[in-house]
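Asker: Sharing a sequence plus its predicted fold:
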Amino acid sequence: MSTALTWLLALPALLAMALAAWAVATARRNAGLVDIVWSLFFLAAALVYAAAGGEGARAWLMLALVAVWALRLASYLALRNWGAPEDHRYRAIRARNEPGFAWKSLYLVFGLQAILAWLISAPLAGAIASAAPLGALDALGAALAAFGIVFESTSDAQLARFKADPASAGQVMDRGLWRYTRHPNYFGEFCIAWGFWLLAVAGGAWWTLFAPLLMSLLLLRVSGVALLEKDIGERRPAYRDYIARTNAFFPGPPRRA
């Protein structure tokens, strides 16, 4: 079976997952559930690709990396967000699309996220379907993806400890990795996406370049940095000083405010 055909097989599975998640989110009136499901879309896609003909060490390596990343991130977000009020990003989307947001969210939020995840999962299909022996590019890709997972996990743990400390109330998190980038978790995602692509290239699927490019665009200009910081200076004035001294995305030394 061709890699492109294998890639297509995951789309119905991801759309079915989106439908189930939408039903739960609608019952709970919280579209933010899609954030928990996001990484699980990729794990489901990887399992579909493996079932369709994954073979060799590269397939197992990719499956392991995707599973560690997806399960860790989904668990973290579930523990953090389950039972919490709907995130302000989704409240804003809800307000813009009433009346009828409950139905509109099926395609505006859940269906869209499933399709984006499917597109970005193309390198997984390319890597898992390849039977070529492992090489230096695989090592580089795996190292970059593993670095991204550790970077993202560390930043999430640091933020969780910060929020759990009553003394942090009203303050801006600017410690640990957050001292060097305002979005270390997104930078970790960036490294993971490009690491996965390098594994795909090692397997011959260079054509999946559009996937990490799309992920980078989403993180930097659409649903990541740009959306989170759209009005944060108005909601949290102290954040303006943080912006003045800290890189938005790529880590770097703090600047003098």
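Answerer: All right, it came through fine.

Asker: can you map out the helices along the stretch 51-200 of the chain?
Answerer: Assigned by DSSP state H, counting those that start in this stretch, the stretch 51-200 of the chain shows helices spanning 56-81, 88-96, 101-105, 112-120, 122-129, 136-164, 184-202.

Asker: okay, the ones you listed, which one's buried deepest?
Answerer: Highest mean neighbour count among these (mean count of other CB atoms under 10 Å): helix 122-129, with a mean of 30. In short, each C-beta sits where N, CA and C put it, glycine included.

Asker: Out of the helices of the stretch 51-200 of the chain, which gets nearest to Leu214?
Answerer: Of all the helices of the stretch 51-200 of the chain, it is helix 112-120 that lies closest to Leu214, at 5.8 Å by CB to CB.

Asker: if we can go back for a sec, quickly, which of the helices of the stretch 51-200 of the chain bottoms out on average pLDDT?
Answerer: For those, mean pLDDT drops lowest on helix 88-96, to a mean of 88.

Asker: Just the CA coordinates for that helix, please, in PDB.
Answerer: The C-alpha trace of helix 88-96 is given here as PDB (Å, rounded to 0.1, in the frame of the first residue of the first chain):
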ATOM      1  CA  HIS A  88     -11.400  32.300  27.300                       C
ATOM      2  CA  ARG A  89     -10.400  31.400  23.700                       C
ATOM      3  CA  TYR A  90     -13.300  29.100  23.300                       C
ATOM      4  CA  ARG A  91     -15.700  31.500  25.100                       C
ATOM      5  CA  ALA A  92     -14.700  34.100  22.500                       C
ATOM      6  CA  ILE A  93     -15.400  31.700  19.700                       C
ATOM      7  CA  ARG A  94     -18.700  30.700  21.300                       C
ATOM      8  CA  ALA A  95     -19.800  34.300  21.600                       C
ATOM      9  CA  ARG A  96     -18.900  35.000  17.900                       C
END
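
Asker: Report all helices and strands that that helix contacts.
Answerer: Contact here means 3 or more CB pairs under 8 Å, 6 or more residues apart in numbering; DSSP states H and E; on that basis helix 88-96 packs against helix 101-105.

Asker: residues contacting the closest residue to Leu11 other than its chain neighbours?
Answerer: Nearest non-adjacent residue to Leu11, counting by CB to CB, 6 or more residues apart in numbering: Trp118, 5.0 Å away. Neighbouring residues of Trp118 by CB atoms under 8 Å, 6 or more residues apart in numbering: 7, 10-11, 14, 41, 45.

Asker: same question, Ala226
Answerer: Per CB under 8 Å, 6+ apart, neighbours of Ala226: Leu220.

Asker: what's the answer for Arg182, then?
Answerer: Contacts here follow CB under 8 Å, 6+ apart; on that basis Arg182 touches 225, 229, 242-243, 246-249.

Asker: one step back: what about the residue nearest to Leu11, distance to Leu15?
Answerer: 8 Å (CB to CB, to the nearest Å).

Asker: what does Ala226 give?
Answerer: From Ala226 to Leu15 the distance is 27 Å (CB to CB).

Asker: and the nearest residue to Val68 once chain neighbours are set aside, what is it in contact with?
Answerer: Closest residue to Val68 apart from its sequence neighbours, by CB to CB, 6+ apart: Ile149 at 6.2 Å. By CB under 8 Å, 6+ apart, the contact list for Ile149 reads 65, 68-69, 72, 188, 192.

Asker: please redo it, this time with the cut-off set to 10 Å
Answerer: Applying CB atoms under 10 Å, 6 or more residues apart in numbering to Ile149 gives the contacts 65, 68-69, 72-73, 188-189, 191-192, 195.
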